[in-house]
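Peer 1: Have a look; sequence and predicted model below, questions after that.
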Amino acid sequence: MPEATRESLAAVLDEIALLLEVEGANPFKTRAYRNGAEIVRTHDEDILALAKANELGNIKGIGEALQQKLHELATTGKLEFHEKLRGNYPDSFFDLFDLEGIGPKKVGALHKELGIDSIAALKTACEENKVAALSGFGKKTEQKILESIARRETFADRFSLVVAAPIAEEILDQLRAHPEVLRAQYAGSLRRSKETVGDLDFIVATNKPAELTDYFSKLDLAHEIIVLGDTKCSIRLENGLQCDLRAVSNAQFPFALQYFTGSKEHNVAVRSRALKKGLSLNEYGFTGKGELPDVHDERDIYKALGLDYVEPELRENRGEIEAADAGELPQLVSWENLRGTFHNHTTESDGKATLEEMAQAAIELGLRYLGIADHSKSSPQANGLHPDRLLRQVDKIRAWNESHGDELHIFAGSEVDILKDGSLDFNDEILAQLDYCVASVHNAFSLSEDDMTKRIIRAMENEHVTMIGHLTGRILLRRDAYAVNHDKIIDAAARTGTIIELNCNPKRFDMDWRWWHKARDKGVLTSINPDAHHPSQLQFLRFGANIARKGWLRKQDVLNTRTLEEVKEYLGVS
DNA sequence: GCCGTTTTCGGCCCGACTGTTTTCAGTCG
């Protein structure tokens, strides 16, 4: 029996809620289970230990029934009530909930009436027109189910910022160009700078909402209209990305923007704070007895609740409300603070542009310094450099600085492979000739967490290693992180004075934003690096600043906000 | 299933939209 974890407890409660819903139980009962799952996930004591000790009695939302069930789960790793409920359905049944347009009720009806327990079975039933004949279903529903199944096979359910961000900017421009639009903004996870997005949300302030939803549905980018009403519209683009518009009055705008920016968890906390002040908050405004606060923008909403303004990136209910209450929110780093960057490639290894072209792009972007760090010899797949080529590149960079250094200073570095045992791909004699060194893992991903952590810490202990590149090796939407113990790495970084890179290539965003606050508090410095393989990728710095903000980082936590002179001093180079 | 200065029953968040209905249930956010 697998050991119970916080997440396994929560997942069982969520699954019970789902199955109760399928079977038509009291909706408030299912909500109680969902609510219980959320409490298990977010409670700030050791919930597993409390459950084992059967001491959950004092937590609001966990009653006698849930307490008993969590105790059984925590001590035995399973729950008879759950197994009984779950026993009726195969694993494939749960895939049905991934489909858009059908929820627990319809899934329940399909299972009860037609015995459908997988997407394949549902597809067949639709093709045989058996679904349209069911009560509560019809021709259109059947068609939508088939389209949803096809879409699931064709499209991703989340999108990279490289894809989504430019689209969002374009749609926002088009909304702002409409004469009836007073204010417009995107909301949702993009505004919060999540590392990937599931869909795009737009809010417009207007006196002609129906005109705007109509306009939105007819955008050139709109490939399909999902819903179209007088105040909201959803479209799907050709690449499968869903975009939602809410059209509200100018007075409602700040409330709608705040509400649809989320996160859900942040909003729950904000609303409960409002209730304590005798105010009810929803996407349209405050309601309550007496005089209501005067609200013109989002800041006024937070102010009315006695809170400092919470930047969208921080709205994840990870301590920002408490900090806003205490006046202790950080002054976040911004994109304009960045003066240079490290970890960039050229055609010497696997980059697509020469040293000169990369330098030119950095100048155009307004950077004062640029770090080059091509791959080392143990990455032959990336055309990694042997020492002789590396040292020739160093000479070339020194020559550039002689002639162009007043405009852009280039730091000569290397992205050195951390070998399986934690030793480095170049010896100390070579490393000593560089201005700095990014050490990264590029192979042997399947080491145990313990071995991988030791491997990276050994590299950090080398005095020539300036920073650790893409700590976990994850490729978003494609490859999971390798196992590594973040706590131990952060402690080692603090102890050895090693920088942990914030790799802001949107396919990586590594280290994950959730760890930066802790790293910062332990005095760990970061460098926001685009890992650019093309001049245009230097622009990733903008995403990088957003992710840093999401990790609560301030200007002083980021090496590349420093002046050239300060960086030279830090690196000990002239 | 949870909760309570409305205290052991009765309420729990809700508005917009669609499709299947003929006044409303289900889905979504």
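Peer 2: Nice, thanks for sending it over.
Peer 1: Just the element for A:Val416, please.
Peer 2: strand A:409-417 (DSSP states H and E).
Peer 1: Which residue ranges of the stretch 1-150 of chain A form helices?
Peer 2: Ranges of helices in the stretch 1-150 of chain A, per DSSP state H, counting those that start in this stretch, are A:6-22, A:27-42, A:47-52, A:64-76, A:80-86, A:104-114, A:119-127, A:139-154.
Peer 1: In CSV, list those helices along with mean neighbour count, distance to DNA strand B and mean pLDDT.
Peer 2: Every C-beta, even on glycine, is put in place using the N, C-alpha and C of the backbone. Below are those laid out as CSV (neighbours: other Cβ atoms under 10 Å; distance: least, Cβ to the nearest atom of the strand, whole Å; pLDDT from 0 to 100):
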stretch, mean neighbour count, distance to DNA strand B, mean pLDDT
helix A:6-22, 20, 8, 93
helix A:27-42, 18, 3, 90
helix A:47-52, 18, 13, 92
helix A:64-76, 18, 3, 94
helix A:80-86, 14, 7, 93
helix A:104-114, 18, 3, 94
helix A:119-127, 18, 11, 95
helix A:139-154, 15, 4, 92
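Peer 1: Next up, the contacts around A:Thr75.
Peer 2: A:Thr75 is in contact with A:Ala51, A:Lys52, counting by Cβ atoms under 8 Å, 6 or more residues apart in numbering.
Peer 1: and the stretch 201-350 of chain A, which residues reach DNA strand B?
Peer 2: Neighbours of DNA strand B within the stretch 201-350 of chain A, by Cβ under 7 Å from any atom of the strand: A:Asp201, A:Thr213, A:Val227, A:Leu228, A:Gly229, A:Asp230, A:Thr231, A:Lys232, A:Gln242, A:Asp244, A:Phe260, A:Asn282.
Peer 1: again, only using 6 Å
Peer 2: Proximity of the stretch 201-350 of chain A to DNA strand B, by Cβ under 6 Å from any atom of the strand, involves residues A:Val227, A:Leu228, A:Gly229, A:Asp230, A:Thr231, A:Lys232, A:Phe260.
Peer 1: from the residues you listed, which single one is nearest A:Gly87?
Peer 2: Nearest to A:Gly87 among those, counting by Cβ to Cβ, is A:Val227 at 37.2 Å.
Peer 1: part of a strand, is the closest one?
Peer 2: Yes: A:Val227 forms part of a strand when assessed by DSSP: H, G, I helix; E, B strand; the rest coil.
Peer 1: If it is in a bridge, with which residues?
Peer 2: Beta-bridge partners recorded for A:Val227 (DSSP bridges): A:Ser234.
Peer 1: Give me the neighbour count for it.
Peer 2: 11 (other Cβ atoms under 10 Å).
Peer 1: Hmm, it is touching A:Gln242, no?
Peer 2: No: with contact defined as Cβ atoms under 8 Å, A:Val227 does not reach A:Gln242; the gap is 10.3 Å.
Peer 1: Quick check: neighbours shared by these two?
Peer 2: By Cβ under 8 Å, 6+ apart, A:Val227 and A:Gln242 have these common neighbours: A:Ser234.
Peer 1: give me the number of residues near A:Asp388?
Peer 2: 8.
Peer 1: Give me the below-cutoff pLDDT ranges for chain A.
Peer 2: Across chain A, the ranges flagged by pLDDT under 70 are A:1-2.
Peer 1: How is it divided into domains?
Peer 2: A:6-86, A:91-154, A:159-250, A:254-325, A:335-571 (automatic domain parsing).
Peer 1: next one: phi and psi at A:Val438?
Peer 2: phi -100, psi 120 (degrees, to the nearest 10).
Peer 1: Assign whichever residue of the stretch 251-400 of chain A sits closest to DNA strand B to helix, strand or coil.
Peer 2: With Cβ to the nearest atom of the strand as the measure, A:Phe260 is the residue of the stretch 251-400 of chain A nearest to DNA strand B, at 6.0 Å. For A:Phe260, the assignment made with three-state DSSP gives helix.
Peer 1: returning to what we had before: as a markdown table, the helices of the stretch 1-150 of chain A with distance to A:Ser272 would be great.
Peer 2: Supplementary listing: the helices of the stretch 1-150 of chain A in a markdown table, determined by distance: least, Cβ to Cβ, whole Å:
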| stretch | distance to A:Ser272 |
| --- | --- |
| helix A:6-22 | 20 |
| helix A:27-42 | 13 |
| helix A:47-52 | 20 |
| helix A:64-76 | 20 |
| helix A:80-86 | 29 |
| helix A:104-114 | 27 |
| helix A:119-127 | 38 |
| helix A:139-154 | 35 |
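Peer 1: Of these, which is nearest A:Thr498?
Peer 2: Judged by Cβ to Cβ, the one of the helices of the stretch 1-150 of chain A that comes nearest to A:Thr498 is helix A:6-22, at 30.6 Å.
Peer 1: by contact count, what packs against the closest one?
Peer 2: helix A:27-42, helix A:47-52, helix A:64-76, helix A:80-86, helix A:104-114 (3 or more Cβ pairs under 8 Å, 6 or more residues apart in numbering; DSSP states H and E).
Peer 1: what's near enough to touch the closest residue to A:Gly24 other than its chain neighbours?
Peer 2: Excluding the flanking residues, the one nearest A:Gly24 by Cβ to Cβ, 6 or more residues apart in numbering is A:Gly108, at 6.6 Å. By Cβ under 8 Å, 6+ apart, the contact list for A:Gly108 reads A:Glu21, A:Val22, A:Glu23, A:Gly24.
Peer 1: Could you do A:Ile430 as well?
Peer 2: A:Ile430 makes contact with A:Pro387, A:Leu390, A:Leu391 under the criterion Cβ under 8 Å, 6+ apart.
Peer 1: repeat for A:Arg562
Peer 2: A:Arg339, A:Tyr570.
Peer 1: can I assume A:Arg474 is in contact with A:Val484?
Peer 2: No: under the criterion of Cβ under 8 Å, A:Arg474 makes no contact with A:Val484, lying 10.2 Å away.
Peer 1: of the helices and strands packed on helix A:6-22, which approaches A:Glu320 most closely?
Peer 2: So among the helices and strands packed on helix A:6-22, helix A:27-42 is nearest, using Cβ to Cβ, at 13.8 Å.
Peer 1: what angle sits between that closest one and helix A:64-76?
Peer 2: Put simply, helix A:27-42 runs at 40 degrees to helix A:64-76, going by axes from the mean of the first three to the mean of the last three Cα atoms, to 10 degrees.
Peer 1: Just the C-alphas of helix A:27-42, formatted as CSV.
Peer 2: Only the C-alpha atoms of helix A:27-42 are listed here, as CSV (Å, rounded to 0.1, in the frame of the first residue of the first chain):
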residue,chain,number,x,y,z
PRO,A,27,-24.8,19.1,-4.3
PHE,A,28,-23.9,20.5,-0.9
LYS,A,29,-22.6,17.2,0.2
THR,A,30,-20.3,17.1,-2.8
ARG,A,31,-19.2,20.6,-2.1
ALA,A,32,-18.3,19.6,1.5
TYR,A,33,-15.9,16.9,0.1
ARG,A,34,-14.4,19.4,-2.4
ASN,A,35,-14.0,22.0,0.3
GLY,A,36,-12.4,19.3,2.5
ALA,A,37,-9.9,18.5,-0.3
GLU,A,38,-9.0,22.2,-0.6
ILE,A,39,-8.4,22.4,3.2
VAL,A,40,-6.2,19.3,3.1
ARG,A,41,-4.1,20.9,0.3
THR,A,42,-3.7,24.3,2.0
